[in-house]
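Undergrad: Predicted model, plus sequence, below.
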Amino acid sequence: MIKLTARQEQILTLIRDAISNTGIPPTRAEIASELGFRSANAAEEHLQALARKGAIDLTPGTSRGIRLREIGSDGPPVHSHIALMQLSLPLIGRVAAGSPILAQEHVEATYKVDRSLFSALPDFLLKVRGMSMRDAGILDGDLLAVRKTDQARNGQIVVARLGDDVTVKRYWKSGSIIELRPENPDFEPIRVNADIDEFALEGLAVGLMRAWG
């Protein structure tokens, strides 16, 4: 069982809430601002302590490289004292054009996941391919937890279908024009016209996990 201080519990709750509301973890500066720290360095010290205790993973070199974990001292994920129930989530693989994303033929595997990791419960997992969302802490091979919906607010991270392709991007809409923005300057935004292009919003990112081999 992971033993956290009151401040560490507060920061962990802040991280969970940020992922639930926006699909991505907060930056150090955002944590410092929210909790009244004088600098982002104070937030970093607490995050490092949480990482040492196994509550989170930190990805070097990214401003939002924080991943929730429920683990033992040095092994793969295990049950925590607050995870009394588990979710059974399908892992979605390649999606065929014209068929629902949760169709049985798209399911590659099923994962048991502690429901305490999510404030908003996801409907499926999607394996991230590529590095277009790197600066949001979403890396190639990660498992993105997704809540099925066809509605999103500007700035949220979404799973969208463009013809035969499924992509993870940040969503912005003005009129009928939708811009799917990457979080990596090496990639260009994708612009679609919702009135004429083959586009569907499949869901919102509500969490992120590292895939354990």
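TA: Received the coordinates, thanks.
Undergrad: Wait, A109 touches L89, no?
TA: No: with contact taken as C-beta atoms under 8 Å, A109 and L89 are classed as non-touching, separated by 9.6 Å. C-beta here means a position set from N, CA and C on the backbone, and glycine is covered the same way.
Undergrad: list the buried ones in the longest helix seen in the chain?
TA: For the chain, the longest helix by residue count, based on DSSP state H, is helix 6-22. Under the neighbour-count criterion of 16 or more other C-beta atoms under 10 Å, helix 6-22 has 8, 11-12, 14-16, 18-20, 22 buried.
Undergrad: Need these in CSV (columns: distance to G203).
TA: As requested, the buried residues of helix 6-22 are exported to CSV (distance: C-beta to C-beta, whole Å):
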residue, distance to G203
Q8, 30
I11, 27
L12, 24
L14, 23
I15, 21
R16, 18
A18, 18
I19, 14
S20, 14
T22, 14
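Undergrad: residue contacts, R64?
TA: 24-27, 135-137 (C-beta atoms under 8 Å, 6 or more residues apart in numbering).
Undergrad: Which one's more surrounded, A109 and L89?
TA: L89 (23 against 11; other C-beta atoms under 10 Å).
Undergrad: Show the residue spans covered by the helices in the chain.
TA: Using DSSP H, the helices of the chain run over 6-22, 28-35, 40-52.
Undergrad: Domain-wise, how is this structure divided?
TA: 6-68, 86-209 (automatic domain parsing).
Undergrad: Including mean pLDDT, could these go into TSV?
TA: TSV is the format used below for the domains of the chain (pLDDT from 0 to 100):
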stretch	mean pLDDT
domain 6-68	86
domain 86-209	87
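Undergrad: quick one: E202 and A160 touch, right?
TA: Yes: counting by C-beta under 8 Å, A160 is a contact partner of E202 at 6.4 Å.
Undergrad: So these two - more neighbours on which side?
TA: Neighbours were tallied for E202 and for A160 using other C-beta under 10 Å; the higher tally belongs to E202 (23 against 20).
Undergrad: May I have the beta-bridge partners of the residue nearest to the more buried one when sequence neighbours are not counted?
TA: What sits nearest to E202 in space, not counting adjacent residues and going by C-beta to C-beta, 6 or more residues apart in numbering, is V159, at 4.4 Å. V159 forms beta bridges with V168, G203, as assigned by DSSP bridges.
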